[in-house]
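In: Turn this into a model:
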Amino acid sequence: MNNSSQSTKKKTSTFERSRTITGALFILPTFVFVCIFVLWPLFQVFRYSMTDWNGISADMNFVGFENFKALTKLDGFWTMCRATVIYAIGVMALTIISAFLMALVLDKKGPLRINRGLMRSLWFFPCLLSGTVIGILWRIMYNYQNGIINTLLKGAGLPKVNWLESPNIAMVAVIIASVWASTGMCIIIFMAGLQSIDGSLYEAASIDGATGNQQLWYITVPMMAPSITINVLTTTIAAFKMYELPLNITNGGPGKATTLITKNIYDLGFMSVKTGMGSALSVVLILIITLISLIQLVYLRKREDIY
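Out: Below is the predicted model of the structure:
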């Protein structure tokens, strides 16, 4: 009996060890990929931010935090920071709201139910396009003289809008295009969350006399908390990192109204060959994204625990 027990334990131990090794081998390629293409470049960015490297020569002198101090003296630095925050908040809020409402519509049951497969494909299509393509497409549509948007406004008897040359309207135009580009992915995640809600909860609420709005607020929204957390985090991070879409719509104009931090990173690192300062600005952006993401994660996780 003793020998049998020891033999069983030995077999279990061998199996567990084999399974652990197999799992580690599956993870290894991804781990190597992350180290080479994520962790190492990240380390290099922090390293370059402490130097005066121009990105070309072999000379690289350590300057400490001088690059970070010099950032505040850049022309339009605070305008750029303000534009980035407005853009990120606007894209995140409008994307989450529009995606949630559209997911509710697509999940609606009954005779008037929309073909979900078709609509999901149509909404998801922009996610397959690059930011450059989307930017050029919306720039054409925003054209003051013959863009389709102003053509429709004119046909409806409304005045044309100078979408790309008015400082206040240009930011709105960029946000609208970005929301259109990012809504599809959020809809898919929201619909997955909606379809995982147990229908008996709604049946019980209906028996108790709960209205449609009450069911939405006290059942749907709380049960969708994990989906909301995922979408808020991913959309916020993507908005802060966005570069090519705003660039191709307004090129940072008019003036610096739509110039984001990402554009300045490129200008410093490649156009002005100030790789050290460009890296310092990249570090600032990384810290901003990390801080905001942590705050969102802690708050939204607490909301999930409450629900």
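In: ok, which stretches of the stretch 151-300 of the chain are helices?
Out: All helices of the stretch 151-300 of the chain, identified by DSSP state H, counting those that start in this stretch, fall at 167-195, 199-207, 212-215, 221-223, 225-241, 244-250, 261-266, 275-306.
In: Counting by contacts, list what the third one packs against.
Out: Spelled out, that is helix 212-215. Secondary-structure packing of helix 212-215 (3 or more Cβ pairs under 8 Å, 6 or more residues apart in numbering; DSSP states H and E): helix 199-207. Quick note: C-beta positions are derived from backbone N, CA and C, even for glycine.
In: Give me the residues contacting the helix it packs on.
Out: Residues outside helix 199-207 that contact it (Cβ atoms under 8 Å, 6 or more residues apart in numbering) are 214, 215, 218, 219, 223.
In: coming back round to it: mean neighbour count, the helices of the stretch 151-300 of the chain: which tops it?
Out: helix 244-250 (a mean of 23; mean count of other Cβ atoms under 10 Å).
In: For that helix, C-alpha coordinates in PDB please.
Out: Extracted C-alpha coordinates of helix 244-250, given in PDB (Å, rounded to 0.1, in the frame of the first residue of the first chain):
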ATOM      1  CA  GLU A 244      -1.300  58.900 -37.900                       C
ATOM      2  CA  LEU A 245      -5.000  59.600 -37.900                       C
ATOM      3  CA  PRO A 246      -5.000  63.200 -36.600                       C
ATOM      4  CA  LEU A 247      -1.800  63.900 -38.600                       C
ATOM      5  CA  ASN A 248      -3.500  62.900 -41.900                       C
ATOM      6  CA  ILE A 249      -6.600  64.900 -41.100                       C
ATOM      7  CA  THR A 250      -5.200  68.200 -39.900                       C
END
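In: hmm, who's touching that helix?
Out: Here helix 244-250 has contacts from 87, 130-132, 134-136, 138-139, 142, 164, 170, 173-174, 177-178, 181, 252, 257-258, 260, 263, using Cβ under 8 Å, 6+ apart.
In: How about stretch 253-269?
Out: In contact with stretch 253-269 (Cβ under 8 Å, 6+ apart) are residues 55, 74, 76, 79-81, 83-84, 87, 164-168, 170-171, 174, 240-243, 246-247, 249-250, 252, 274-275, 277-279, 281-282, 284-285.
In: just stretch 59-73 next, same as before
Out: Here stretch 59-73 has contacts from 48-53, 77-78, 276-277, 279-281, 283-284, using Cβ under 8 Å, 6+ apart.
In: Which one of the residues you listed is nearest to residue 187?
Out: The nearest member of the contacts of stretch 59-73 to residue 187, counting by Cβ to Cβ, is residue 284 at 32.4 Å.
In: Apart from its neighbours in sequence, what residue is nearest the closest one?
Out: Using Cβ to Cβ, 6 or more residues apart in numbering and skipping residues adjacent in sequence, the residue nearest residue 284 is residue 71, 6.8 Å away.
In: May I have the residues that are in contact with residue 289?
Out: Counting by Cβ under 8 Å, 6+ apart, residue 289 has contacts 236, 237, 240, 241.
In: wait, the first one sits on residue 294?
Out: In other words, residue 236. No: at 11.4 Å, residue 236 does not count as touching residue 294 under the criterion of Cβ atoms under 8 Å.
In: Can you give me the distance of the nearest residue to residue 285 once chain neighbours are set aside to residue 166?
Out: Counting by Cβ to Cβ, 6+ apart, residue 285 lies nearest to residue 261, which is 5.1 Å off, once chain neighbours are set aside. With distances taken as Cβ to Cβ, to the nearest Å, residue 261 is found 22 Å from residue 166.
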